[in-house]
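Asks: show me how the following folds:
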Amino acid sequence: MLLAVNAAVNARDSAGRTALFEAASAGHDDVLRALTARGASLGLDAQGQASALAGAVTRGDVALLRRLLAAGADGNAADYGGRTPLHVAAAEGNLSAARALVELGRASAAASSGRMGNDIGTVWTPLDEARAAGAAGVVEYLEGLVRSMAEYEWDGMQQAYGCMCTVGSCEGT
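Replies: Residues are numbered from 1 along each chain as shown. Next comes the predicted model:
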């Protein structure tokens, strides 16, 4: 009804939340679609997006995760240490969340964080997190993504340089 009279779609409530964030959080998919069609925003900075997405992952609420991504949350948003929601999904062995982040949120399997627990300064990827957690399903999924990325990059190099390369040599064509 408010949209019919051109209400401001990015107005905030007394807690600073937008209608789109509230619709996503409450599971109102029809309202979410209507607001996004009108250009509404979640109204969250990158760390706020990372926090909202990681919170959904931690709670195992993949439906909320999907709604936040559909509402425009950045699947690569990171916290202050560079840890993304995909790092969290990998560390928790949540394959459904990892898939949603990659497939809907375009999260990068190559993202690296600058901290892991108390080991500040160590760089970890989501795959490192999954391996450390013993999350076999997530490890297999992320390894497949990493392999695909490497093959894509290798094919691109061959096309860009016009060569048939093998390990240790490259012959021009």
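
Asks: only C-alpha atoms for contact and neighbour calcs from this point on.
Replies: Noted.

Asks: could you report the neighbour count for residue 21?
Replies: Neighbours of residue 21 under the rule other C-alpha atoms under 10 Å: 22.

Asks: same question for the one 5 residues further on.
Replies: Other residues near residue 26 number 12, with proximity taken as other C-alpha under 10 Å.

Asks: just give me the neighbour total for the nearest residue to residue 113 once chain neighbours are set aside.
Replies: Nearest non-adjacent residue to residue 113, counting by C-alpha to C-alpha, 6 or more residues apart in numbering: residue 82, 4.3 Å away. For residue 82, the count of nearby residues is 20 (other C-alpha under 10 Å).

Asks: quick check, residue 82 in a strand?
Replies: No: assessed with DSSP: H, G, I helix; E, B strand; the rest coil, residue 82 is coil; it does not lie in a strand.

Asks: show me the helices in this structure, by range?
Replies: All helices of the chain, identified by DSSP state H, fall at 19-26, 29-37, 46-58, 62-70, 85-91, 95-103, 126-133, 136-161.

Asks: nearest to residue 111, of those?
Replies: helix 126-133 (7.0 Å; C-alpha to C-alpha).

Asks: and that closest one, what does it pack onto?
Replies: Here helix 126-133 touches helix 85-91, helix 136-161, going by 3 or more C-alpha pairs under 8 Å, 6 or more residues apart in numbering; DSSP states H and E.
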